[in-house]
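Chemist: Below: sequence and its predicted model.
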Amino acid sequence: MNIRKLARALTVCTSLGILMCSASFLPSLGWAEIGSGVPTDSQLLMQRVTERGQGFFVVAVPPSLAVLRPVERVPRHKFGVVGPFPLTLKDLDALIYPSATPDERAAVLEGMTFFTTPHTAEEGAGPMANQPFCLGCHTSSAEAIHGAGLVSAPCPHGSTCVSLVSRAARSTPTNFKFTAGNATSGGRAADHLDASNDTGRTAAFTLFGDFSPSANFFDPLDGSTLNTVTGSVSQPFGGFVQHTRPSIPQCVPDRIPTIMEDHNLGVIDPATGLSLIGFRRSVGERAGPPYIGRGLMEAVPNTDILSNEDAGDMKGHNSSLGNFAVSLGCTSDCISGRHNEIPRNARFASGLGRFGLRANGAEIIQFVIGGLQGELGFTSDIDLREINLPDIDDDPVRPACGAAEDAQASNAPEVFLSTPFSERNHIRLVSPPEFGDTLLGLLQSPDPSKPRSEESAQGRVQRGAMLFGIDLMAFANRMISGRMPATGDDGLDLNAINQADRKLNCVGCHTPIQRTGQSPSGQSPTDPVARHLSFVWAPIFSDLLLHKGPAIDAERFATRPRDPLRVDRPRLTQLLKGEDDDDDGSDADGRLFATFDLPRNLADDVFSNFQASATGREFRTAPLMGMGRMGPPFLHDARVYLSRLTNESTPAGTVMTSSEFTNAPLVVRSLDDAIRAAIELHDLPAPDDRNTPDIPGAGCPVPPPGSVSNVTYGASPEDVICPPYDSGTSKSDRSEAREVIRRFRGLSPEDQQAVIEFLKEL
């Protein structure tokens, strides 16, 4: 260990208040694990035996005598405002529950330090990495557009305000023609701002592999997974994550193997898009989420999650905004959420999935270890596997990477388990931010449901909350201390849903309030960590279930995601009828932008080995906690981006529909625009009609005539991307949110803006 590493070791010891670090933490000749080693690996492995036992993460409903309280929240103006990394003890005030004790703060510091410190191959980081440190996938605040309520740079001490509550950043789409790479130079990281003639720029990471629709089997091409279709071990192509930022300079970044050199593929039948043995290539992106309130999600009772399942779409609801379900091919309301059941496996807990973009994890530690090993290449006693380097080319440079891996490969872990367990505590203790002042004032008023002036800020937020489907009195009782009557409010909905009139029914998936039981982080509600999470009302805004998104088969079945498509669109703020309070220079109404069109297909058939029963169209309902504070990018691959690096040149763009226009241009240049785009992308675009304006970029967002694309939509792309609501394609390819979004599109621009105003207050 060199002097820098020794100094780092002593710094961590001092920060944790440990007078004498364990002897194994200090360097031996040529090797030392990262972390404090307190508790020891053997102690934590014993703990894992219990945690992996059947039923450990089965959370019971609160006892009948338990009194639930509103969850504690970090003051909004403080939330996410941190110093430069690596973060230190003082940064915890911006992230975790304000009443956390010094001991609880010490319990998270080791993990936070590791999460926010760049790592090197000399420390044991794998030769093939995606990012130099965990924060590499959590950098959205560094390039955020300034807007009312948003965390954005500059922050104190020159910080970028990047922390684990930031999302993966994106400035452009990814151009997979360049990132996929070739046999000469390998793959390339998406680090270049030019997405038309180069890679594009994003912190999201690429997944790839081969998918068999008939077997619902994904071959990760990692050289170790049994291909259940062929009966042989998968080809050693380095999948399923493409690593493009090597920690050793002479290593050639991963590339994605071509169709012809892949034995699962070879010749593709153009009629089916499948190979002779039934596989097709699947490529997709994933974005690091904001780790907000995950400890609360872990403590939601299992039966509460399961009670919202509706696999047969049999449960209905009341809405004064009309019922379109039957015309959309649905039995009830088109929403048929279901849980993901995680099977028994060698490393992590099984049972009800609630974590990950596809709910493919029953416990938080799975994703901490997954990032540690899969993204950075650090081994631990939970996962001692080194990243499997791709075996594609006879490249004279490649053996150096193999030699580096062989030198690291041993049964000795590179990171003490104290580090990921400390990081788990950190993630558990990250609090939701306080609501925005307007919503908070509304909830603190004697009667939050009493009508306000439609022109006032409270009136707009109140209207938006009601359109969302929220019972404001029930919401206030659960979110404001002292509001809940001593005898309870049994006449009101447990989840603060207005069951008498759900209006849009956004609450059909984004459940506003969840109650928590005894947190798995402790044996009693007074245990450290658990005391913040147990028996509270939590504004999670998710049912934690899987739902089907919109699918465009032409894009879904292509051998790589759609090439970036530029469409000229004017930004027409007069159509929106909102008060744009974002400092984005939007006063130049009507200015034409070369937008990168946002794809509407949300199905990519790319899974991890723990996907369980999730299918390619299914994603877990995104928790909306803190979305108005942390802002874009939105969706699982961060496709709805808003970046100061491209806001004036190539912003994201799509189309929007209201009661006054159909498929009008939408240029994403403010937080309002990004939220509107994210709502629109919940479903395929509306079919064009007489309300479609005759201006550049309006209409169904199909590739312009003469454009060159890797995706073939057929003779009538409009029928693929914007099918009529009563067509068979529409009924099969639209999402579970199709009735919700059809109602949203029927609102006036003013009412749509009211929904956006409410979401900005979360």
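Modeler: Thanks, I have the structure now. Small disclaimer: the values here were computed from a predicted structure and weren't measured.

Chemist: so who does the spatially most central residue of the chain touch?
Modeler: For the chain, the residue nearest the mean C-alpha position is Pro289 (3.8 Å; CA atoms, centre = their mean). By CB atoms under 8 Å, 6 or more residues apart in numbering, the residues touching Pro289 are Arg167, Ala168, Leu357, Ala622. From N, CA and C alone the C-beta is placed, and that goes for glycine too.

Chemist: how about the residues you listed, which pair is most distant?
Modeler: Largest separation among these by CB to CB: Ala168 and Ala622, giving 13.4 Å.

Chemist: who has more neighbours, these two?
Modeler: Neighbours around Ala168 and Ala622, counted as other CB atoms under 10 Å, are more numerous at Ala168. The numbers are 24 against 17.

Chemist: what number of residues lie near the closest residue to Ser709 other than its chain neighbours?
Modeler: Among residues not flanking Ser709 along the chain, Pro703 sits closest, at 5.3 Å (CB to CB, 6 or more residues apart in numbering). If you count neighbours by other CB under 10 Å, Pro703 ends up with 18.

Chemist: State whether Val300 is indeed within a strand.
Modeler: No. Counting by DSSP: H, G, I helix; E, B strand; the rest coil, Val300 is not found in a strand; it is coil.

Chemist: State the distance from it to Arg428.
Modeler: 13 Å (CB to CB, to the nearest Å).

Chemist: Which of those two has more residues huddled nearby?
Modeler: Counted by other CB under 10 Å, Val300 and Arg428 do not tie: Arg428 has more neighbours, with 27 against 24.

Chemist: Now do the helix or strand encompassing that one: which elements does it pack against?
Modeler: Secondary structure assignment for Arg428, by DSSP states H and E: helix 418-429. Counting contacts by 3 or more CB pairs under 8 Å, 6 or more residues apart in numbering; DSSP states H and E, helix 418-429 is packed against helix 41-51, helix 102-115, helix 294-298, helix 365-370.

Chemist: Let's see that with 6 Å instead.
Modeler: Helix 418-429 is packed against helix 102-115, helix 365-370, with contacts defined by 3 or more CB pairs under 6 Å, 6 or more residues apart in numbering; DSSP states H and E.

Chemist: Pop out the phi and psi values for Gly653.
Modeler: phi -150, psi 150 (degrees, to the nearest 10).

Chemist: Could you do Gly53 as well?
Modeler: The phi/psi pair for Gly53 (degrees, to the nearest 10) is phi -70, psi 150.

Chemist: picking that back up, quick one: the residue nearest to Ser709 and Asp553, what's the gap?
Modeler: Separation of Pro703 from Asp553 (CB to CB): 16 Å.

Chemist: What's the local residue count around Arg566?
Modeler: 17.

Chemist: List the residues that contact it.
Modeler: The neighbours of Arg566, taking CB atoms under 6 Å, 6 or more residues apart in numbering as the test, are Ala594.

Chemist: In three-state terms, label Glu386 for me.
Modeler: coil.

Chemist: so how far is His119 from it?
Modeler: Where His119 is concerned, Glu386 sits at a distance of 15 Å (CB to CB).

Chemist: want to throw the contacts of Pro289 into TSV with pLDDT?
Modeler: Shown next, in TSV, are the contacts of Pro289 (pLDDT from 0 to 100):
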residue	pLDDT
Arg167	95
Ala168	95
Leu357	94
Ala622	98
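
Chemist: Of the residues you listed, which is the nearest to Gln753?
Modeler: Of the contacts of Pro289, the one sitting nearest to Gln753 (CB to CB) turns out to be Ala622, at 21.2 Å.

Chemist: For the closest one, give me phi and psi.
Modeler: phi -70, psi 130.
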